[in-house]
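Engineer: Fold the stuff below for me.
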Amino acid sequence: MRKIFVCFLIVGVFSYPLIARPQRLPKGKPILSDLIQEALDNNPRLDAAVQRVLSAEKTIPQAGALPDPKITLGFMNLPVNSFTFDQEPMTGKQIAVMQMFPFPGKLALSTDMAEFEASAIKHQKEDVRNQIIQMVKLAYYDLYAVDRAIETVQGNKDLMEQLIRVVEIKYATGSGLQQDVLRSQVELSKLEDDLIMWKQKRLTITAKLNGVLNRPANTPFDTTPQDLDPPAQLDLALAPDEIEQQRPLLRAWRKKIQKAETAVKFARRDRWPNITVGASYSQRDDLETGAKMHDFFSASVTLDIPLYAKRKQNQKIAQRQIEMKAAEAEYQSVLNEVLSEIESLKAVLERNRKRVELYKGGILLQAQQSLESAQAGYQVGKVDFLTVVDNWMRLLNYELQYHFALADYHKALAYYDFATGAKSSRREMTTE
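Structural biologist: Model (predicted):
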């Protein structure tokens with residue numbers, strides 16, 4: 001009777017890997033699209049970038065405004081012997097107004113520079129936005145992989161505990177070996193150690209994700225859903241000019257170049273004089289002798305003389321030209337780095353896509369078949385326990401590598417979307 005019980009228990013235990021696969025999780029689990037929106041709404045780094053855009057936009061009207069006029073109040077030709085206004089005919093009270101007008105075209109160029117700078121900052125904000133999305137995706141996919149690892153290790157830990165009962169019963173009835181008992185206990189300890197390690201990694205990942213979401217670092221996350229999109233053949237044939245138009249960082253650099261070009265034009269225009277127009281009115285009192293004094297009105301025009309243009313204006317033009325060339329060189333450097341990164345990511349995407357297909361379509365099926373064969377052989381005494389454990393652990397390792405390859409594929413896709421500046425239109429993870 002005991003041997004019959006052992007046989008039934010063995011059959012039940014070894015059928016566990018075939019039926020105890022992770023099932024779809026209930027609603028209420030973290031959804032990637034919701035996390036992305038939460039990060040875009042709450043991330044302080046993105047909020048800071050938005051504030052910088054608003055600040056830069058406020059500089060545009062300032063750049064096109066005239067300098068503040070100047071008003072002068074004073075006394076004119078006041079005699080020091082009496083300090084009276086009716087002693088001398090040239091004594092008066094004066095009010096003067098002066099307004100400086102930059103040489104025609106300077107204000108327009110100054111406005112253009114402010115607009116280019118504001119536009120560059122706006123594109124930088126879009127790049128920060130895309131980076132926030134990328135950070136959420138990367139953390140989420142890491143969390144997905146760790147959750148699958150925890151589920152796999154926990155499931156196999158439960159199964160190992162049942163196997164220990166089987167081998168202990170077999171050993172007690174004289175049909176098993178003591179080394180099987182010891183080996184199974186060692187494997188159980190290893191699984192427990194793996195479980196501790198994965199749970200610790202999960203805490204690290206959730207703390208990072210909480211930081212992006214601007215949540216308290218210890219805010220818990222439910223287990224991620226399991227319907228991660230399978231790899232697909234993607235059209236990655238983006239031309240360099242398309243990438244230049246899509247990536248906000250590159251668009252920001254082009255605006256910086258335009259600002260530098262405008263700065264050169266402004267420096268050249270600075271060799272021409274600004275014009276200051278002034279007007280004054282002098283009020284005179286009638287003299288103590290009875291003579292009637294009329295008020296005075298005066299006007300003036302003042303021009304700046306670029307007398308030291310060789311040392312000042314011409315050097316400023318040369319300085320702005322150098323800055324423009326530096327901006328162009330930096331843009332080309334950034335562009336080369338982006339294009340190089342994209343080509344590398346294409347290779348990573350293709351490699352991970354093939355890895356996922358290889359595991360799903362070949363390795364996992366073969367490992368499952370190998371385990372089933374070992375299970376059947378063990379039940380009839382043709383295969384020892386160690387062989388079953390080896391096949392079982394090999395399947396466990398392949399399952400983990402499959403989930404990590406799938407997560408790596410989506411992480412590479414997140415890097416690719418950020419590098420190209422593509423608007424994410426792909427279906428994000430959802431639960432049904």
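
Engineer: which stretches of this protein have low pLDDT?
Structural biologist: Counting by pLDDT under 70, the low-confidence segments of the chain come to 1-29, 168, 170-171, 174-181, 385-386, 423-432.

Engineer: In it, which helix is the longest?
Structural biologist: Secondary structure assigned by DSSP state H gives helix 106-172 as the longest helix of the chain.

Engineer: tell me what it is packed against?
Structural biologist: In terms of contacts (3 or more C-beta pairs under 8 Å, 6 or more residues apart in numbering; DSSP states H and E), helix 106-172 is packed against helix 2-14, helix 16-19, helix 32-42, helix 44-63, helix 178-213, helix 248-269, helix 385-420. (Glycine included, C-beta is placed from N, CA and C.)

Engineer: Turn those helices into a markdown table, columns for mean neighbour count.
Structural biologist: Written out in a markdown table, the entries for those read as follows (neighbours: other C-beta atoms under 10 Å):
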| stretch | mean neighbour count |
| --- | --- |
| helix 2-14 | 14 |
| helix 16-19 | 12 |
| helix 32-42 | 17 |
| helix 44-63 | 14 |
| helix 178-213 | 16 |
| helix 248-269 | 20 |
| helix 385-420 | 20 |
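
Engineer: possible to save those as TSV with distance to Ser370?
Structural biologist: Formatted as TSV, the entries for those read as follows, by distance: least, C-beta to C-beta, whole Å:
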stretch	distance to Ser370
helix 2-14	13
helix 16-19	12
helix 32-42	35
helix 44-63	49
helix 178-213	18
helix 248-269	49
helix 385-420	5
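
Engineer: Please report the distance of Ala217 from Phe266.
Structural biologist: The span separating Ala217 from Phe266 equals 49 Å under the rule C-beta to C-beta, to the nearest Å.

Engineer: Same question for Glu57.
Structural biologist: In this structure, Glu57 and Phe266 are separated by 20 Å, where distance is defined by C-beta to C-beta.

Engineer: Over to Ala48?
Structural biologist: Between Ala48 and Phe266 the computed distance is 30 Å (C-beta to C-beta).

Engineer: Kindly report the same for Val383.
Structural biologist: If you measure Val383 against Phe266 using C-beta to C-beta, the figure is 84 Å.

Engineer: Now do the contacts for the residue nearest the centre of the chain.
Structural biologist: If you average the C-alpha coordinates of the chain and look for the closest C-alpha using C-alpha atoms, centre = their mean, you land on Gln131, 1.4 Å from that point. For Gln131, the residues meeting the contact criterion (C-beta atoms under 8 Å, 6 or more residues apart in numbering) are Phe418.

Engineer: Does Lys346 fall in a helix, a strand, or a coil region?
Structural biologist: When classified by DSSP: H, G, I helix; E, B strand; the rest coil, Lys346 comes out as helix.

Engineer: was I right about it contacting Tyr415?
Structural biologist: No - proximity of Lys346 to Tyr415 does not meet the contact threshold set by C-beta atoms under 8 Å, at 10.7 Å.

Engineer: The chain - how does it break down into domains?
Structural biologist: Using automatic domain parsing, the domain ranges for the chain come out as 2-66+102-271+306-420, 67-101+272-305.

Engineer: which element is Met98 on?
Structural biologist: For Met98, the host element (DSSP states H and E) is strand 92-101.

Engineer: Give the partner strands of that strand in its sheet and their orientations.
Structural biologist: Based on DSSP bridges, the pairing partners of strand 92-101 within the sheet are strand 70-76 (antiparallel), strand 275-283 (antiparallel).

Engineer: Serialize the ones you listed to CSV and add fields for distance to Ala145 and mean neighbour count.
Structural biologist: Conversion of the strands paired with strand 92-101 to CSV gives the following (distance: least, C-beta to C-beta, whole Å; neighbours: other C-beta atoms under 10 Å):
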stretch, distance to Ala145, mean neighbour count
strand 70-76, 68, 11
strand 275-283, 69, 16
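
Engineer: Val53: which of those strands is closest?
Structural biologist: Using C-beta to C-beta as the measure, strand 70-76 is the one of those that comes nearest Val53, at 33.8 Å.

Engineer: Not counting its own residues, what contacts that closest one?
Structural biologist: Contacts made with strand 70-76 from outside it, assessed by C-beta under 8 Å, 6+ apart, are listed as 90-99, 280, 282.

Engineer: Try it again at 10 Å.
Structural biologist: Under the criterion C-beta atoms under 10 Å, 6 or more residues apart in numbering, residues 83, 85, 88, 90-100, 276, 278, 280, 282-284, 296 lie in contact with strand 70-76.

Engineer: Among the residues you listed, name the buried ones.
Structural biologist: When burial is judged by neighbour count using 16 or more other C-beta atoms under 10 Å, the buried members of these are 85, 88, 91-94, 96, 98, 100, 276, 278, 280, 282, 284.

Engineer: For the closest residue in space to Lys346 that isn't next to it in sequence, which three-state class applies?
Structural biologist: The spatial neighbour of Lys346 that comes closest, neighbours along the chain excluded (C-beta to C-beta, 6 or more residues apart in numbering), is Leu236 at 5.1 Å. Counting by three-state DSSP, the backbone at Leu236 sits in coil.

Engineer: Ala422 versus Leu236, what's the distance?
Structural biologist: Taking C-beta to C-beta as the criterion, Leu236 is separated from Ala422 by 10 Å.

Engineer: These two - which one has more neighbours?
Structural biologist: A side-by-side neighbour count of Leu236 and Ala422, using other C-beta atoms under 10 Å, places Ala422 first with 17 against 13.

Engineer: quick one, what contacts that one?
Structural biologist: By C-beta under 10 Å, 6+ apart, the residues touching Ala422 are 130, 238, 242-243, 246-247, 413, 416.

Engineer: Pull out the buried members of those residues.
Structural biologist: Of the members of the contacts of Ala422, the ones counted as buried by neighbours, 16+ other C-beta under 10 Å, are 130, 238, 243, 246-247, 413, 416.

Engineer: Which one of those is nearest to Asp229?
Structural biologist: Each of those was checked against Asp229 using C-beta to C-beta; the closest is Leu413, at 9.2 Å.

Engineer: The host helix or strand of Glu337 vs helix 248-269, what angle?
Structural biologist: When secondary structure is defined using DSSP H and E, the element that contains Glu337 is helix 313-358. Per axes from the mean of the first three to the mean of the last three C-alpha atoms, to 10 degrees, the angle that helix 313-358 makes with helix 248-269 is 170 degrees.

Engineer: which helices and strands does helix 313-358 pack with?
Structural biologist: The contact analysis (3 or more C-beta pairs under 10 Å, 6 or more residues apart in numbering; DSSP states H and E) places helix 313-358 against helix 240-246, helix 248-269, helix 385-420.

Engineer: closest one to Gln62 among these?
Structural biologist: Taking C-beta to C-beta, helix 248-269 is the member of the helices and strands packed on helix 313-358 nearest to Gln62, at 15.3 Å.
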